[in-house]
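1. Dropping a prediction and its sequence here:
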Amino acid sequence: MDQSLSSDLLPAAAEAIDDAAPAPRSFLDNLFDRGLLIRTGVDGLYGRSGAFESVVEALDRLVSRIGGADGAEALRFPPGMARSSFERSGYLKGFPHLAGTVHSFCGNEADHARLLACLDAGEDWTAKQAATDIVLTPAACYPLYPVAAARGRLPEGGLLFDLQSYCFRHEPSLEPTRMQLFRMREYVRMGTPEQVLAFRELWLTRGTKMMSDLGLPLAIDPANDPFFGRAGKMLANNQRAQALKFELNVPVNSEDKPTACLSFNYHQDHFGTTWGIAQADGSVAHTACVGFGLERITLALLRHHGLDLDAWPADVRAQLFG
Ligand code: ATP
Ligand code: ZN
Ligand code: MG
(Lines give C-alpha, C1' and ligand atoms only; values in the text may rest on other atoms or scores of the structure.)
(Ligands and ions follow the chains in the order given, each with its own letter.)
Protein backbone atom coordinates (compact mmCIF):
# COMPACT_ATOMS: atom_id res chain seq x y z
CA MET A 1 0.00 0.00 0.00
CA ASP A 2 1.37 3.35 -0.89
CA GLN A 3 2.35 5.53 2.01
CA SER A 4 0.20 8.54 1.19
CA LEU A 5 -2.94 6.40 1.10
CA SER A 6 -2.36 4.71 4.44
CA SER A 7 -1.54 7.96 6.19
CA ASP A 8 -4.54 9.69 4.60
CA LEU A 9 -6.80 6.95 5.84
CA LEU A 10 -5.67 7.03 9.44
CA PRO A 11 -7.83 9.10 11.77
CA ALA A 12 -6.19 12.47 12.21
CA ALA A 13 -5.56 11.94 15.91
CA ALA A 14 -3.62 15.15 16.45
CA GLU A 15 -6.32 17.25 14.79
CA ALA A 16 -9.17 15.53 16.59
CA ILE A 17 -8.13 16.93 19.96
CA ASP A 18 -7.53 20.43 18.58
CA ASP A 19 -10.92 22.11 18.25
CA ALA A 20 -9.46 25.02 16.35
CA ALA A 21 -8.07 22.85 13.55
CA PRO A 22 -10.18 22.68 10.38
CA ALA A 23 -11.96 19.37 9.80
CA PRO A 24 -9.81 17.09 7.63
CA ARG A 25 -10.81 17.24 3.97
CA SER A 26 -12.31 14.02 2.66
CA PHE A 27 -11.21 12.40 -0.59
CA LEU A 28 -14.46 13.69 -2.14
CA ASP A 29 -13.72 17.25 -0.93
CA ASN A 30 -10.26 17.04 -2.46
CA LEU A 31 -11.75 15.92 -5.78
CA PHE A 32 -14.14 18.90 -5.69
CA ASP A 33 -11.33 21.27 -4.68
CA ARG A 34 -9.26 20.13 -7.68
CA GLY A 35 -12.29 20.39 -9.99
CA LEU A 36 -11.96 16.71 -10.95
CA LEU A 37 -15.57 16.17 -9.85
CA ILE A 38 -18.15 18.96 -9.86
CA ARG A 39 -20.87 19.37 -7.25
CA THR A 40 -24.52 19.33 -8.33
CA GLY A 41 -26.11 19.49 -4.89
CA VAL A 42 -27.02 15.78 -4.99
CA ASP A 43 -24.84 13.09 -3.40
CA GLY A 44 -23.62 10.69 -6.04
CA LEU A 45 -24.47 12.97 -8.99
CA TYR A 46 -21.38 14.78 -10.23
CA GLY A 47 -19.91 16.55 -13.20
CA ARG A 48 -16.49 15.41 -14.39
CA SER A 49 -13.58 17.55 -15.54
CA GLY A 50 -11.78 17.06 -18.82
CA ALA A 51 -8.88 15.51 -16.93
CA PHE A 52 -11.17 13.03 -15.18
CA GLU A 53 -12.79 12.16 -18.52
CA SER A 54 -9.42 11.66 -20.17
CA VAL A 55 -8.76 8.84 -17.69
CA VAL A 56 -12.22 7.31 -18.18
CA GLU A 57 -11.67 7.33 -21.94
CA ALA A 58 -8.15 5.94 -21.61
CA LEU A 59 -9.46 3.07 -19.45
CA ASP A 60 -12.17 2.34 -21.98
CA ARG A 61 -9.48 2.13 -24.71
CA LEU A 62 -7.24 -0.03 -22.51
CA VAL A 63 -10.07 -2.52 -21.93
CA SER A 64 -10.70 -2.57 -25.69
CA ARG A 65 -7.02 -3.29 -26.34
CA ILE A 66 -7.00 -6.17 -23.86
CA GLY A 67 -10.21 -7.73 -25.19
CA GLY A 68 -9.79 -6.58 -28.78
CA ALA A 69 -8.65 -9.83 -30.38
CA ASP A 70 -11.68 -11.75 -29.09
CA GLY A 71 -13.96 -10.37 -31.79
CA ALA A 72 -16.71 -9.10 -29.51
CA GLU A 73 -19.62 -7.35 -31.20
CA ALA A 74 -19.76 -3.76 -29.93
CA LEU A 75 -23.21 -2.37 -29.14
CA ARG A 76 -24.05 0.91 -27.41
CA PHE A 77 -27.41 1.63 -25.81
CA PRO A 78 -28.53 4.93 -24.31
CA PRO A 79 -28.76 5.01 -20.50
CA GLY A 80 -32.45 4.13 -20.60
CA MET A 81 -34.13 0.84 -21.47
CA ALA A 82 -37.66 -0.26 -22.35
CA ARG A 83 -39.76 -0.48 -19.20
CA SER A 84 -41.32 -3.71 -20.52
CA SER A 85 -37.85 -5.29 -20.79
CA PHE A 86 -36.92 -3.99 -17.37
CA GLU A 87 -40.07 -5.51 -15.85
CA ARG A 88 -39.37 -8.88 -17.48
CA SER A 89 -35.70 -8.84 -16.43
CA GLY A 90 -36.54 -9.58 -12.79
CA TYR A 91 -34.60 -6.52 -11.55
CA LEU A 92 -37.49 -5.46 -9.32
CA LYS A 93 -37.43 -8.80 -7.52
CA GLY A 94 -33.86 -8.34 -6.41
CA PHE A 95 -33.22 -4.61 -6.39
CA PRO A 96 -36.39 -2.51 -6.06
CA HIS A 97 -34.44 -0.03 -3.92
CA LEU A 98 -31.92 0.77 -6.67
CA ALA A 99 -34.27 1.22 -9.62
CA GLY A 100 -34.92 4.57 -11.27
CA THR A 101 -37.84 5.22 -13.60
CA VAL A 102 -38.44 8.09 -16.02
CA HIS A 103 -41.66 10.01 -15.39
CA SER A 104 -43.13 12.80 -17.49
CA PHE A 105 -45.92 15.33 -17.23
CA CYS A 106 -49.06 13.89 -18.79
CA GLY A 107 -51.73 16.38 -17.64
CA ASN A 108 -53.87 19.03 -19.31
CA GLU A 109 -53.66 22.81 -19.05
CA ALA A 110 -55.42 22.90 -15.70
CA ASP A 111 -52.93 20.34 -14.40
CA HIS A 112 -50.14 22.51 -15.75
CA ALA A 113 -51.47 25.50 -13.79
CA ARG A 114 -51.62 23.37 -10.64
CA LEU A 115 -48.06 22.15 -11.27
CA LEU A 116 -46.79 25.73 -11.47
CA ALA A 117 -48.76 26.71 -8.37
CA CYS A 118 -47.22 23.80 -6.44
CA LEU A 119 -43.78 24.80 -7.66
CA ASP A 120 -44.34 28.38 -6.48
CA ALA A 121 -45.60 27.21 -3.11
CA GLY A 122 -42.66 24.83 -2.69
CA GLU A 123 -45.06 21.86 -2.66
CA ASP A 124 -44.82 18.52 -4.45
CA TRP A 125 -45.36 19.19 -8.17
CA THR A 126 -44.74 15.62 -9.33
CA ALA A 127 -48.25 14.21 -8.78
CA LYS A 128 -49.25 14.75 -12.42
CA GLN A 129 -46.18 12.96 -13.65
CA ALA A 130 -46.72 9.44 -14.93
CA ALA A 131 -44.32 6.61 -15.65
CA THR A 132 -43.09 6.62 -19.25
CA ASP A 133 -42.01 3.57 -21.24
CA ILE A 134 -38.40 4.21 -20.20
CA VAL A 135 -36.48 3.05 -17.14
CA LEU A 136 -32.91 4.05 -16.34
CA THR A 137 -30.45 1.28 -17.18
CA PRO A 138 -29.22 -0.40 -13.96
CA ALA A 139 -26.34 -2.36 -15.53
CA ALA A 140 -24.88 -2.11 -19.02
CA CYS A 141 -25.87 -5.66 -19.94
CA TYR A 142 -29.61 -5.36 -19.15
CA PRO A 143 -30.73 -3.96 -22.53
CA LEU A 144 -28.73 -6.65 -24.36
CA TYR A 145 -30.55 -9.87 -23.41
CA PRO A 146 -33.86 -9.19 -25.22
CA VAL A 147 -31.89 -8.08 -28.30
CA ALA A 148 -29.84 -11.28 -28.29
CA ALA A 149 -32.93 -13.42 -27.70
CA ALA A 150 -34.69 -11.84 -30.69
CA ARG A 151 -31.89 -13.03 -32.99
CA GLY A 152 -32.77 -16.67 -32.43
CA ARG A 153 -30.50 -19.54 -31.42
CA LEU A 154 -26.86 -18.80 -30.64
CA PRO A 155 -24.25 -20.04 -33.12
CA GLU A 156 -22.12 -23.08 -32.06
CA GLY A 157 -19.42 -20.89 -30.55
CA GLY A 158 -21.89 -18.75 -28.61
CA LEU A 159 -21.77 -14.94 -28.68
CA LEU A 160 -19.60 -12.23 -27.18
CA PHE A 161 -20.64 -8.58 -26.79
CA ASP A 162 -18.85 -5.38 -25.86
CA LEU A 163 -21.02 -2.81 -24.05
CA GLN A 164 -20.68 0.50 -22.30
CA SER A 165 -23.39 2.59 -20.70
CA TYR A 166 -24.14 5.14 -18.09
CA CYS A 167 -26.04 3.26 -15.38
CA PHE A 168 -28.33 4.53 -12.64
CA ARG A 169 -28.65 3.19 -9.12
CA HIS A 170 -30.48 5.00 -6.38
CA GLU A 171 -27.77 4.71 -3.76
CA PRO A 172 -26.88 8.26 -2.72
CA SER A 173 -23.60 8.25 -0.82
CA LEU A 174 -20.80 10.53 0.29
CA GLU A 175 -18.27 7.99 -0.96
CA PRO A 176 -17.17 9.25 -4.38
CA THR A 177 -16.95 5.63 -5.53
CA ARG A 178 -20.69 5.12 -5.03
CA MET A 179 -22.35 7.32 -7.59
CA GLN A 180 -25.96 7.36 -8.71
CA LEU A 181 -24.98 7.79 -12.37
CA PHE A 182 -21.76 6.14 -13.52
CA ARG A 183 -20.35 4.28 -16.51
CA MET A 184 -19.97 0.55 -16.75
CA ARG A 185 -17.97 -1.12 -19.49
CA GLU A 186 -18.82 -4.78 -19.98
CA TYR A 187 -18.07 -7.86 -21.97
CA VAL A 188 -20.93 -10.36 -22.02
CA ARG A 189 -20.58 -14.00 -23.07
CA MET A 190 -23.49 -16.27 -24.01
CA GLY A 191 -23.18 -19.98 -24.71
CA THR A 192 -22.61 -23.28 -22.93
CA PRO A 193 -21.69 -23.34 -19.22
CA GLU A 194 -18.13 -24.31 -20.24
CA GLN A 195 -17.84 -21.42 -22.69
CA VAL A 196 -19.09 -18.77 -20.28
CA LEU A 197 -17.04 -20.07 -17.33
CA ALA A 198 -13.89 -20.10 -19.46
CA PHE A 199 -14.66 -16.48 -20.40
CA ARG A 200 -14.97 -15.53 -16.75
CA GLU A 201 -11.67 -17.24 -15.87
CA LEU A 202 -9.94 -15.46 -18.72
CA TRP A 203 -11.16 -12.05 -17.49
CA LEU A 204 -10.30 -12.80 -13.87
CA THR A 205 -6.72 -13.22 -15.07
CA ARG A 206 -6.77 -10.31 -17.52
CA GLY A 207 -8.50 -7.93 -15.10
CA THR A 208 -6.01 -8.72 -12.34
CA LYS A 209 -3.08 -8.12 -14.69
CA MET A 210 -4.57 -4.89 -16.02
CA MET A 211 -5.11 -3.43 -12.55
CA SER A 212 -1.76 -4.52 -11.12
CA ASP A 213 0.02 -3.17 -14.25
CA LEU A 214 -1.68 0.14 -13.40
CA GLY A 215 0.08 0.06 -10.02
CA LEU A 216 -3.04 -0.62 -7.96
CA PRO A 217 -3.08 -2.90 -4.90
CA LEU A 218 -5.93 -5.35 -5.29
CA ALA A 219 -7.64 -8.49 -4.08
CA ILE A 220 -10.08 -10.82 -5.82
CA ASP A 221 -12.89 -11.71 -3.43
CA PRO A 222 -16.11 -13.71 -3.59
CA ALA A 223 -19.08 -11.35 -3.57
CA ASN A 224 -22.83 -11.05 -3.79
CA ASP A 225 -25.21 -8.56 -5.34
CA PRO A 226 -26.98 -6.12 -2.99
CA PHE A 227 -30.31 -8.00 -2.98
CA PHE A 228 -33.20 -6.33 -1.13
CA GLY A 229 -34.78 -7.57 2.08
CA ARG A 230 -34.86 -10.82 3.98
CA ALA A 231 -35.38 -12.99 0.90
CA GLY A 232 -32.39 -11.14 -0.54
CA LYS A 233 -30.16 -12.49 2.23
CA MET A 234 -30.86 -16.00 1.01
CA LEU A 235 -30.18 -15.06 -2.60
CA ALA A 236 -26.91 -13.44 -1.54
CA ASN A 237 -25.85 -16.51 0.48
CA ASN A 238 -26.70 -18.76 -2.43
CA GLN A 239 -24.71 -16.58 -4.83
CA ARG A 240 -21.66 -16.83 -2.58
CA ALA A 241 -22.07 -20.56 -1.90
CA GLN A 242 -22.10 -21.21 -5.65
CA ALA A 243 -19.22 -18.77 -6.34
CA LEU A 244 -21.30 -16.94 -8.94
CA LYS A 245 -19.80 -13.48 -8.36
CA PHE A 246 -16.25 -12.25 -7.79
CA GLU A 247 -15.09 -8.69 -7.36
CA LEU A 248 -11.70 -7.11 -7.85
CA ASN A 249 -11.34 -4.83 -4.84
CA VAL A 250 -9.01 -1.87 -4.42
CA PRO A 251 -8.76 0.26 -1.27
CA VAL A 252 -10.03 3.68 -2.33
CA ASN A 253 -12.15 5.16 0.47
CA SER A 254 -10.64 2.99 3.18
CA GLU A 255 -8.44 -0.02 3.82
CA ASP A 256 -11.20 -1.84 5.72
CA LYS A 257 -13.83 -1.54 3.04
CA PRO A 258 -12.10 -1.76 -0.34
CA THR A 259 -14.05 -0.83 -3.45
CA ALA A 260 -15.24 -3.22 -6.14
CA CYS A 261 -13.73 -1.85 -9.35
CA LEU A 262 -14.37 -4.88 -11.58
CA SER A 263 -16.91 -7.65 -11.18
CA PHE A 264 -17.09 -11.09 -12.73
CA ASN A 265 -20.56 -12.57 -12.83
CA TYR A 266 -21.83 -16.02 -13.82
CA HIS A 267 -25.62 -15.82 -14.21
CA GLN A 268 -26.04 -19.55 -14.95
CA ASP A 269 -29.24 -19.86 -17.03
CA HIS A 270 -31.01 -16.92 -15.30
CA PHE A 271 -31.08 -14.57 -18.30
CA GLY A 272 -31.25 -17.44 -20.79
CA THR A 273 -34.45 -18.66 -19.15
CA THR A 274 -35.88 -15.20 -18.53
CA TRP A 275 -35.44 -14.15 -22.16
CA GLY A 276 -35.61 -17.48 -23.95
CA ILE A 277 -32.02 -17.38 -25.24
CA ALA A 278 -31.24 -20.80 -26.74
CA GLN A 279 -27.93 -22.47 -27.49
CA ALA A 280 -27.29 -23.94 -30.93
CA ASP A 281 -28.72 -27.31 -29.79
CA GLY A 282 -31.85 -25.66 -28.39
CA SER A 283 -30.97 -25.92 -24.70
CA VAL A 284 -31.07 -22.81 -22.54
CA ALA A 285 -28.04 -20.53 -22.90
CA HIS A 286 -25.84 -19.65 -19.95
CA THR A 287 -24.41 -16.14 -19.62
CA ALA A 288 -21.60 -14.35 -17.82
CA CYS A 289 -20.37 -10.77 -17.79
CA VAL A 290 -17.33 -8.85 -16.67
CA GLY A 291 -18.04 -5.27 -15.59
CA PHE A 292 -15.52 -2.42 -15.29
CA GLY A 293 -16.58 0.54 -13.17
CA LEU A 294 -14.90 3.28 -15.21
CA GLU A 295 -15.30 6.04 -12.60
CA ARG A 296 -14.24 3.67 -9.81
CA ILE A 297 -11.02 2.67 -11.57
CA THR A 298 -10.36 6.35 -12.30
CA LEU A 299 -10.86 7.18 -8.62
CA ALA A 300 -8.60 4.30 -7.58
CA LEU A 301 -5.86 5.71 -9.84
CA LEU A 302 -6.35 9.22 -8.42
CA ARG A 303 -6.23 7.85 -4.89
CA HIS A 304 -3.03 5.87 -5.39
CA HIS A 305 -1.11 8.01 -7.87
CA GLY A 306 -2.32 11.44 -6.76
CA LEU A 307 -4.70 14.10 -8.06
CA ASP A 308 -2.19 15.50 -10.56
CA LEU A 309 -2.34 13.29 -13.66
CA ASP A 310 0.92 14.72 -15.00
CA ALA A 311 2.71 13.42 -11.90
CA TRP A 312 1.50 9.82 -12.29
CA PRO A 313 4.21 7.15 -12.75
CA ALA A 314 5.51 7.20 -16.31
CA ASP A 315 4.65 3.56 -16.99
CA VAL A 316 1.06 4.10 -15.85
CA ARG A 317 0.76 7.17 -18.06
CA ALA A 318 2.25 5.23 -20.96
CA GLN A 319 -0.34 2.47 -20.64
CA LEU A 320 -3.21 4.95 -20.48
CA PHE A 321 -2.15 7.77 -22.74
CA GLY A 322 0.53 5.94 -24.78
P1 ATP B 1 -21.01 -2.71 -4.86
O2 ATP B 1 -20.65 -4.07 -4.32
O3 ATP B 1 -19.93 -1.70 -4.62
O4 ATP B 1 -22.36 -2.24 -4.46
P5 ATP B 1 -21.99 -3.98 -7.18
O6 ATP B 1 -21.61 -5.35 -6.74
O7 ATP B 1 -23.40 -3.62 -7.02
O8 ATP B 1 -21.06 -2.87 -6.46
P9 ATP B 1 -22.00 -4.56 -9.98
O10 ATP B 1 -23.46 -4.67 -10.02
O11 ATP B 1 -21.22 -5.81 -10.08
O12 ATP B 1 -21.55 -3.75 -8.68
O13 ATP B 1 -21.54 -3.50 -11.09
C14 ATP B 1 -20.42 -3.67 -11.96
C15 ATP B 1 -19.36 -2.63 -11.68
O16 ATP B 1 -19.91 -1.31 -11.74
C17 ATP B 1 -18.76 -2.73 -10.27
O18 ATP B 1 -17.70 -3.63 -10.24
C19 ATP B 1 -18.31 -1.30 -10.03
O20 ATP B 1 -17.01 -1.11 -10.52
C21 ATP B 1 -19.30 -0.46 -10.81
N22 ATP B 1 -20.30 0.14 -9.90
C23 ATP B 1 -21.33 -0.48 -9.30
N24 ATP B 1 -22.05 0.38 -8.55
C25 ATP B 1 -21.45 1.60 -8.70
C26 ATP B 1 -21.72 2.91 -8.19
N27 ATP B 1 -22.75 3.14 -7.39
N28 ATP B 1 -20.89 3.93 -8.57
C29 ATP B 1 -19.84 3.71 -9.39
N30 ATP B 1 -19.54 2.50 -9.89
C31 ATP B 1 -20.33 1.45 -9.57
ZN1 ZN C 1 -23.58 -7.51 -16.68
MG1 MG D 1 -20.88 -5.82 -4.85
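-> Sure thing, it's come through. Ligands and ions are numbered 1, 2, ... in the order given.
2. and whatever residue of the chain ends up closest to ligand 1, how many neighbours?
-> Taking C-beta to the nearest ligand atom, ligand 1 has its nearest neighbour within the chain at residue 293, 2.0 Å off. Using the backbone N, CA and C atoms, a C-beta is placed for each residue, glycine as well. Residue 293 is flanked by 24 other residues according to other C-beta atoms under 10 Å.
3. hey, what's it bridged with?
-> On the basis of DSSP bridges, residue 293 is bridged to residue 184.
4. residue contacts, it?
-> The neighbours of residue 293, taking C-beta atoms under 8 Å, 6 or more residues apart in numbering as the test, are 177, 182-184, 260-263.
5. just checking, which of the residues you listed belong to helices?
-> If you go by DSSP state H, the contacts of residue 293 have nothing in helices.
6. now these in CSV, with neighbour count and distance to residue 217?
-> Shown next, in CSV, are those (neighbours: other C-beta atoms under 10 Å; distance: C-beta to C-beta, whole Å):
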residue, neighbour count, distance to residue 217
177, 25, 15
182, 20, 22
183, 21, 23
184, 22, 22
260, 18, 14
261, 26, 11
262, 26, 14
263, 21, 18
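7. Identify those among these that sit within strands.
-> 182-184, 260-263 (DSSP state E).
8. Check those against residue 195 and report the nearest one.
-> Of all the ones in strands among the contacts of residue 293, residue 263 has the smallest distance to residue 195: 19.3 Å, by C-beta to C-beta.
9. The closest one is in contact with residue 244, isn't it?
-> No - the criterion here is C-beta atoms under 8 Å, and residue 263 misses it with residue 244 at 10.8 Å.
10. before we move on, the earlier item: give me the subset of the contacts of residue 293 that also touch ligand 3.
-> The subset of the contacts of residue 293 within reach of ligand 3, by C-beta under 5 Å from the ion, is residue 260.
11. residues near residue 196, how many?
-> Around residue 196 there are 25 residues (other C-beta under 10 Å).
12. Ok, residue 80 next?
-> 20.
13. In the beta-sheet assignment, what are the partners of it?
-> residue 136.
14. What segments of the stretch 201-322 of the chain are helices?
-> 229-241, 270-275, 294-305, 314-321 (DSSP state H, counting those that start in this stretch).
15. so the last one versus helix 294-305, what angle?
-> Translated: helix 314-321. Angle of helix 314-321 versus helix 294-305, following axes from the mean of the first three to the mean of the last three C-alpha atoms, to 10 degrees, is 160 degrees.
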